[in-house]
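*Asks:* Show me how the following folds:
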Amino acid sequence: MEYSKLNLWYLLACVVIILQCHHRMVVGEPKVPCLFIFGDSLVDNGNNNYRETTAKVNYEPYGVDFPAGPTGRFTNGRNTIDIIAEMLGFDDYIPPYANATNQNILGGVNYGSGGAGILYESGRQLYGDVISFDEQLSNHDATISRITKLVGSKSAAKKHLKSCLYSVGLGNNDYLANYLPKYYASTATQTSQTFAALLIAKYTKQLIKLYKTGARNVVVFAPGKLGCVPQQISTYGSSDGSFCFETSNDIVQIFADGVKLLIASLNKLLPGAKFIHTDTSTATSYGNITVATEPCCPTSTDVSNSGHCIRGSVVCSNRDEYLFWDAFHPTEAANLISAKIAYDDIYPLFADPIAVA
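*Replies:* Have a look, this model is predicted:
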């Protein structure tokens, strides 16, 4: 009997070892050891849940297609950065800063906050206590201090941080929740060109600050075609010959052009920097998506959370055919397309060794 038990335990141990080896062969190591994420609602995965803000969506029907249900992601399933993390080989999603532990911060942290902008004031009047890019950078400083303690020295922390990938995508709320409402109400005190220049000047300082913390491999997302979101179309209508409101697109494009020039300048200015510009609005094919101007879920008209899905509402069943989940945010089907575009732009970083200079 004892002999049989020993044989059984030996057999089980062998099976476990084989399965573990097989898992390692299939999954492999991530293409980068760590991923740090800065942004707005397009990447927020729960940071706003703990803030005094109306820009939080930790309720159904958000997360209807996500295994964990409503987590604070502003979509029905995975957001774009979730999918990119999978494509990079991470075996789990990058945790939100709000509940990241010492056990997982070495693999990266998500600082994204719905409603956040480049400017501190962007989003705050509409949504309350959102986490601006400056605050996200301060949170990253706190993470670096934790990492330094974990790895034992500043030099080891610096080496680790230089091997990471950094994702930055801000600017959308500086328009949607700041400049555009003022522009159309004729209360804006700046021209479109002046406001874009203000954003670029601030963004430049912020990205250089990120570089000084050790970031060398940085993907910067262009702002979206904001005139094409359902909220803009329902509020202002569509332009002749387009299903978008092109006036908003033209205003935001001034900033978008500036971001592209900024990225080129930073690569020349900062030794060892590899800034990558990606524009996920350049898709030429949308797969099964056929509904581009209407949200999948019924949306609220309350001023405090206008455009978000109504709590507990019944949503469309053919979600893979919709571009937008609510009046602002894409569906998982659209996020898959954006992630593929971004990953193709990021991929050159892996053709050569990740920068550690």
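*Asks:* Asp134: neighbour count?
*Replies:* 17 (other Cβ atoms under 10 Å). Placement of C-beta: from N, CA and C, glycine included.
*Asks:* And it, how close does it get to Thr148?
*Replies:* The gap separating Asp134 from Thr148 is 22 Å, by Cβ to Cβ, to the nearest Å.
*Asks:* just Ile37 next, same as before
*Replies:* 20 Å.
*Asks:* Settle it for me: which of the two has more neighbours?
*Replies:* Ile37 (26 against 17).
*Asks:* My guess is Ile200 contacts Asp257. True?
*Replies:* No. Assessed by Cβ atoms under 8 Å, Ile200 is found out of contact with Asp257, at 9.6 Å.
*Asks:* So those two - more neighbours on which side?
*Replies:* Each of Ile200 and Asp257 has its neighbours counted (other Cβ under 10 Å); Ile200 has more, 18 against 13.
*Asks:* Assumed the more buried one was part of a helix.
*Replies:* Yes. Judged by DSSP: H, G, I helix; E, B strand; the rest coil, Ile200 forms part of a helix.
*Asks:* The residue nearest to it when sequence neighbours are not counted is in what secondary structure piece?
*Replies:* Take Ile200 and drop its neighbours on the chain: the residue closest to it by Cβ to Cβ, 6 or more residues apart in numbering is Gly258, 4.2 Å away. Element membership for Gly258, per DSSP states H and E: helix 246-269.
*Asks:* Let me see the mean pLDDT of that helix.
*Replies:* For helix 246-269, mean pLDDT is 98.
*Asks:* what's the answer for stretch 279-293, then?
*Replies:* Stretch 279-293 comes out at a mean pLDDT of 94.
*Asks:* again, but for stretch 139-149
*Replies:* 98.
*Asks:* Use 56 as the first number from now on
*Replies:* Taking 56 as the first residue, the last one we looked at is stretch 194-204.
*Asks:* Which residues does that stretch contact?
*Replies:* By Cβ atoms under 8 Å, 6 or more residues apart in numbering, the list of residues contacting stretch 194-204 from outside reads 91, 93, 152, 155, 157, 160-161, 164, 166, 186, 209, 211-212, 215-216, 265, 268-269.
*Asks:* How far off centre is it?
*Replies:* Its chain's C-alpha centre and that of stretch 194-204 lie 21 Å apart, by Cα atoms, centre = their mean, to the nearest Å.
*Asks:* any idea how far the residue most central in space within the chain is from Glu376?
*Replies:* Taking Cα atoms, centre = their mean, the centroid of the chain lies closest to Val98, which sits 2.8 Å from it. Going from Val98 to Glu376 by Cβ to Cβ gives 24 Å.
*Asks:* ditto for Leu216
*Replies:* From Leu216 over to Glu376 (counting by Cβ to Cβ), the distance is 42 Å.
*Asks:* next helix or strand past the helix or strand of the chain with the lowest mean pLDDT?
*Replies:* Least confident element among the helices and strands of the chain, by mean pLDDT, DSSP states H and E: helix 57-82 (a mean of 37). Next helix or strand after helix 57-82 toward the C-terminus (DSSP H and E): strand 90-94.
*Asks:* helices or strands up against that following strand?
*Replies:* helix 135-143, helix 188-206, strand 220-224 (3 or more Cβ pairs under 8 Å, 6 or more residues apart in numbering; DSSP states H and E).
*Asks:* The closest residue to Phe298 other than its chain neighbours: what secondary structure?
*Replies:* Nearest non-adjacent residue to Phe298, counting by Cβ to Cβ, 6+ apart: Thr348, 5.3 Å away. Three-state assignment for Thr348 (three-state DSSP): strand.
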